[in-house]
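Asks: okay, sequence plus prediction incoming.
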Amino acid sequence: MARAWTLAARPHGTPKHTDFAMIELANAPLGAGEVRVANRWLSVDPYMRGRMNDVKSYVPPFAIGEAMQGGAIGEVIESNAPGFAPGDMVQHMMGWRDEAVVPGEALQKLPALGVDPQAFLGQFGMPGMTGYFGLLAVAEAKEGDTVFVSAAAGAVGSTVVQVAKAKGMTVIGSAGGPEKCAWVKSLGADGVIDYKSGTPVVKALAQAAPKGIDVYFDNVGGEHLDAALAHARPRARFAICGMIDVYNDGKATELRHLARLIGNRVQVRGFIVSDYMARAEEFYRDMGGWLAAGKLQREETVHEGLEAMPDAFLGLFTGGNTGKMLVRV
């Protein structure tokens, strides 16, 4: 019988292990157009924290007692849908479980790019697409720009660093701790800020980008966003991807430099990667080309077994990952 994680209670502040519970899923026969998938890799992502709250958002909240959802890579083991056969490797959104019954139209076969299957949950999946389109389409970054990236050692941020360098930009990344900063530097970043060093981010960014920044890619909010506002050049463009700083306690850091939006005509745009799914082929084309040219690296932090899902998810909020956080089933 398949097993899945459910939300046992809605978290108040940072989630706890007791907010999750393992449940068993009924082993029903396949209906017309359905496919049974044995999940091999599962994703945890910061946006999932918002789905744990009972509030209206761009995706519905997780229901108490029902199987949770998220990105997954799996192998087809039974198919009642044309175009899918046992042995096919597919991507879908029925994660947080070891086996899923998925409508054929909700499955995507993995593109033949010569990367490991789990890469399609990270650099070649939703996080990578978020970084690519957030930088190039939302922030309209171009050759010669100076780009500041928060959470640069994460799945999204590390992709932004590499795409920006491939496009001829100067990149300043922020990460927590010497090891992560060294990895961001190895990706090609021109400067790296260790936000855990004790130096305020606004001061560190002044030293790293003395002439200011043209683009800010925000994964964090808070002190990083305020520092970016302080050093934004005229007509700078900000792509607001996430604000992990407020996901748990909801208390935003004071933005002391917010008024600089006006005089510097700074453009601030929030976005969701699903806005750009129709342009996925563009993403795969460019990323595949950079991969072939040796311009892309990726890291993964892997937890073993379905039982590890809550640990992996909670690790996102304590800096427990370098690159993409994954669970291998």
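Replies: Yes, it's here. As the structure is a computational prediction, the values presented were derived from the model and not from experiment.
Asks: next up, the contacts around the residue nearest the centre of the chain.
Replies: Central residue of the chain (C-alpha atoms, centre = their mean): residue 127, 3.8 Å from the mean position. Under the criterion of C-beta atoms under 8 Å, 6 or more residues apart in numbering, the contact partners of residue 127 comprise 45, 121, 154, 155, 156, 159, 324. For glycine as for every other residue, the C-beta is placed from the backbone atoms N, C-alpha and C.
Asks: please repeat the previous calculation with a cut-off of 7 Å.
Replies: Taking C-beta atoms under 7 Å, 6 or more residues apart in numbering as the criterion, residue 127 is in contact with 155, 156, 159, 324.
Asks: what strand or helix carries it?
Replies: helix 126-133 (DSSP states H and E).
Asks: could you list the buried residues of that helix?
Replies: Of the residues in helix 126-133, those buried by neighbour count under the rule 16 or more other C-beta atoms under 10 Å are 126, 127, 128, 129, 130, 131, 132, 133.
Asks: returning to what we had before: pLDDT at the residue nearest to the centre of the chain, what is it?
Replies: Looking at residue 127, its pLDDT reads 95.
Asks: quick check: beta-bridge partners of the nearest residue to residue 189 once chain neighbours are set aside?
Replies: Closest residue to residue 189 apart from its sequence neighbours, by C-beta to C-beta, 6 or more residues apart in numbering: residue 173 at 4.4 Å. In this entry, residue 173 is beta-bridged to residue 149, residue 192, by DSSP bridges.
Asks: burial measure for residue 173, as a count.
Replies: The number of residues packed near residue 173 is 30, by other C-beta atoms under 10 Å.
Asks: over to residue 72?
Replies: Residue crowding around residue 72 was assessed by other C-beta under 10 Å; the count is 25.
Asks: can you check residue 144 too?
Replies: The local packing count at residue 144 equals 10, with neighbours defined by other C-beta under 10 Å.
Asks: now do the contacts for the nearest residue to residue 7 once chain neighbours are set aside.
Replies: Among residues not flanking residue 7 along the chain, residue 62 sits closest, at 4.6 Å (C-beta to C-beta, 6+ apart). Residues in contact with residue 62, defined by C-beta under 7 Å, 6+ apart, are 7, 51, 52, 68.
Asks: so residue 308, which of the three states?
Replies: helix (DSSP: H, G, I helix; E, B strand; the rest coil).
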